[in-house]
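Novice: sequence and predicted structure are below.
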Amino acid sequence: MDVPVAANVLGTMGAVCWSVQLIPQIVINYRRHNTIGLQPTMMMLWASAGVPLGVYNIVENFNVALQIQPQLLTFLSLITWIQCFYYERNWSVPRALVVVTPIACIMGGIQAALIIALRIAKDRGLQWPMTLMAVLSAALLAAGVLRHYWDIYVHRTVRGISFLFIGIDAAGDVFSLVSVLFQPTPDVLGLVIYGTELILWIGVFACGGYYNLAPWIRKRLEKRKSSSSRSMVPCQGSGSGGEEVNPGISTNDPIALHDLSRSTPVYSGSSVPSSTSVFRTPSGELDFARARTAGARSSHDEGNSTE
């Protein structure tokens, strides 16, 4: 399909997603001051993938958005990569800059040289160098995500990585994939590059649902069920055989506010919880009501016996 407007719009959306995909992860790393669970090898593989991907998109004359996209990927990946060393190995800012700056310059120089060389090769009818760039970029992008699969396998959870980041990245793959379809001539290798990473991210989402979301839902349901069962505990009344609870205490409310204005007298061996325990469950309130009733009954009997 040859729809230049759609190709540019979708390519721009894909570039925007890839531009901000790592920003949530970078912000999370900054706020928690660690990068536990985030694989530095994944970030370096992605930074490296931006080099052949940029060469391929520029030489194949993709829309401008898709040409800028790999450069942003490399830049943000390098920032995230150096964060791993800054937080986990306590590197200083000058040391981090001394390490990452030459790497960024070398990657930029390699990409510029490859663009010139592959344009010459393309003019001479050589296609295999372009195929190599496409395969290399797809392999590096996939290897970066697969590195996280190993961490999931070892720890049986999706840890240290922002699902918002994954969602934005996957959306960028989708937009880029469709943008390639709207090029004057659909590029099969371009579809492979973006499609491979999209499939792998879907797999990470599935792992997150299995290892993270499902246990969280089960825990919430068990907690709610436990709270409901505690709120339905009956309290025996005096003489009538019915249920009697202290007025003002709701058995339907899973959390009750302890009245800090009350003193803490002892009735029949039971005492009101300390004033430091601000919140109590309904079962605790019922125990307190039961103790007060029994204490009052005992005091009344003692008064009658003295008379």
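Specialist: Received the coordinates, thanks.

Novice: what residues sit buried inside whichever strand or helix holds V154?
Specialist: Under the criterion of DSSP states H and E, V154 resides in helix 128-155. Residues 129-130, 133-134, 136-145, 147-148, 151-152 are the ones in helix 128-155 that count as buried (16 or more other CB atoms under 10 Å). Bear in mind the C-beta positions are built from the backbone N, C-alpha and C, glycine included.

Novice: kindly report the same for stretch 176-187.
Specialist: Those would be S176, L177, V178, S179, V180, F182, Q183, D187, for stretch 176-187 by 16+ other CB under 10 Å.

Novice: which of those residues fall in helices?
Specialist: Among the buried residues of stretch 176-187, DSSP state H puts S176, L177, V178, S179, V180 in helices.

Novice: and the buried residues of stretch 176-187, which is closest to I120?
Specialist: D187 (20.2 Å; CB to CB).

Novice: which residues touch Y56?
Specialist: With contact taken as CB atoms under 8 Å, 6 or more residues apart in numbering, Y56 is in contact with M130, M133, A134, S137, L189, G190, I193.

Novice: from Q25, how far out is the third one?
Specialist: Looking back up the chat, that one is A134. 26 Å (CB to CB, to the nearest Å).

Novice: do the fifth one as well
Specialist: From L189 across to Q25, the span is 28 Å (CB to CB).

Novice: E88 - how many residues pack around it?
Specialist: By the criterion of other CB atoms under 10 Å, E88 has 14 neighbours.

Novice: now do R156
Specialist: Other residues close to R156 by other CB under 10 Å number 10.

Novice: could you find the closest non-adjacent residue to it?
Specialist: Y211 (5.8 Å; CB to CB, 6 or more residues apart in numbering).

Novice: distance of that neighbour relative to V154?
Specialist: Distance from Y211 to V154, by CB to CB: 12 Å.

Novice: so the helix ranked longest in the chain versus helix 128-155, what angle?
Specialist: Identified as the longest helix of the chain according to DSSP H is helix 93-123. Using axes from the mean of the first three to the mean of the last three CA atoms, to 10 degrees, one finds that helix 93-123 and helix 128-155 are set 140 degrees apart in direction.

Novice: helix 93-123 - what's its average pLDDT?
Specialist: The average pLDDT within helix 93-123 is 94.

Novice: from here on, count from 43
Specialist: Okay, residue one is now 43; in that scheme the one you just asked about reads as helix 135-165.

Novice: which of the residues in that helix are buried?
Specialist: Here helix 135-165 shows A138, V142, I145, M149, Q153, L156, I157, L160, A163 as buried, counting by 16+ other CB under 10 Å.

Novice: just stretch 247-256 next, same as before
Specialist: Result for stretch 247-256 [16+ other CB under 10 Å]: buried residues C249, G250, Y253.

Novice: just those residues: which are in helices?
Specialist: C249, G250.

Novice: ok, so of the buried residues of stretch 247-256, who is nearest M84?
Specialist: C249 (14.9 Å).

Novice: so the closest one sits right up against V200, yeah?
Specialist: Yes - using CB atoms under 8 Å, C249 makes contact with V200 at a distance of 5.5 Å.

Novice: tell me which element Y236 is part of?
Specialist: helix 230-250.

Novice: can you list the helices and strands that the helix or strand just after that helix packs against?
Specialist: Using DSSP H and E, the helix or strand that follows helix 230-250 in sequence is helix 256-273. Applying 3 or more CB pairs under 8 Å, 6 or more residues apart in numbering; DSSP states H and E, we find helix 256-273 packed against helix 324-348.
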